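*Asks:* Let's see this in three dimensions:
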Amino acid sequence: MPLSRFASKTSQQPTKIALRGLLVASFVVQIVAALGTIGYLSFGNGQIAVEKLAQESIAQTGKRVE
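*Replies:* Take a look at the predicted model:
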């Protein structure tokens, strides 16, 4: 009988989450998501710019060699 009393008391206690922790976690997730997206897009644009510059340089060097 004491075991059933213990089980009923522990199952009815709600879990408390600190509001400060919840707010901090949500802001951190939003900031990380924004920075990750911006970083990904910047990296892709940087690769395109470098590829374009390399192609122009190769074409210009080829013209000078001829």
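*Asks:* Ile38 - how many residues pack around it?
*Replies:* Residues lying near Ile38 (other Cβ atoms under 10 Å) number 10. Every C-beta, even on glycine, is put in place using the N, C-alpha and C of the backbone.
*Asks:* wait, I meant Ala25
*Replies:* 12.
*Asks:* any idea how far it is from Leu41?
*Replies:* In this view, Ala25 and Leu41 are 25 Å apart by Cβ to Cβ, to the nearest Å.
*Asks:* again with Ala59
*Replies:* For Ala59 relative to Leu41 (Cβ to Cβ), the value is 27 Å.
*Asks:* cool, and Gly21?
*Replies:* Gly21 is 31 Å from Leu41, by Cβ to Cβ.
*Asks:* pLDDT weak spots in the protein?
*Replies:* Along the chain, segments meeting pLDDT under 70 span 1-13.
*Asks:* could you redo the last one with a cut-off of 90?
*Replies:* 1-18, 66 (pLDDT under 90).
*Asks:* Please, where are all the helices along the protein?
*Replies:* For the chain, the helices defined by DSSP state H occupy 2-11, 19-65.
*Asks:* Pick the most deeply packed of these.
*Replies:* Stretch with highest mean neighbour count among the helices of the chain: helix 19-65 (a mean of 10; mean count of other Cβ atoms under 10 Å).
*Asks:* From the chain's centroid, how far away is it?
*Replies:* Put simply, helix 19-65 sits 13 Å off its chain's centre (Cα atoms, centre = their mean, to the nearest Å).
*Asks:* now do stretch 48-66
*Replies:* Per Cα atoms, centre = their mean, the centroid offset for stretch 48-66 relative to its chain is 35 Å.
*Asks:* got the CA coordinates for that stretch in CSV?
*Replies:* Coordinates of each C-alpha in stretch 48-66 appear next as CSV, following Å, rounded to 0.1, in the frame of the first residue of the first chain:
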residue,chain,number,x,y,z
ILE,A,48,29.9,31.7,-57.1
ALA,A,49,32.0,35.0,-57.0
VAL,A,50,35.3,33.1,-56.8
GLU,A,51,34.3,30.7,-59.6
LYS,A,52,33.4,33.7,-61.8
LEU,A,53,36.6,35.5,-61.0
ALA,A,54,38.7,32.3,-61.7
GLN,A,55,37.0,31.8,-65.1
GLU,A,56,37.6,35.4,-66.1
SER,A,57,41.2,35.1,-65.0
ILE,A,58,41.7,31.9,-67.0
ALA,A,59,40.1,33.4,-70.1
GLN,A,60,42.2,36.5,-69.8
THR,A,61,45.4,34.5,-69.4
GLY,A,62,44.5,32.4,-72.4
LYS,A,63,44.1,35.5,-74.5
ARG,A,64,47.5,36.8,-73.5
VAL,A,65,49.2,33.5,-74.2
GLU,A,66,47.8,33.5,-77.8
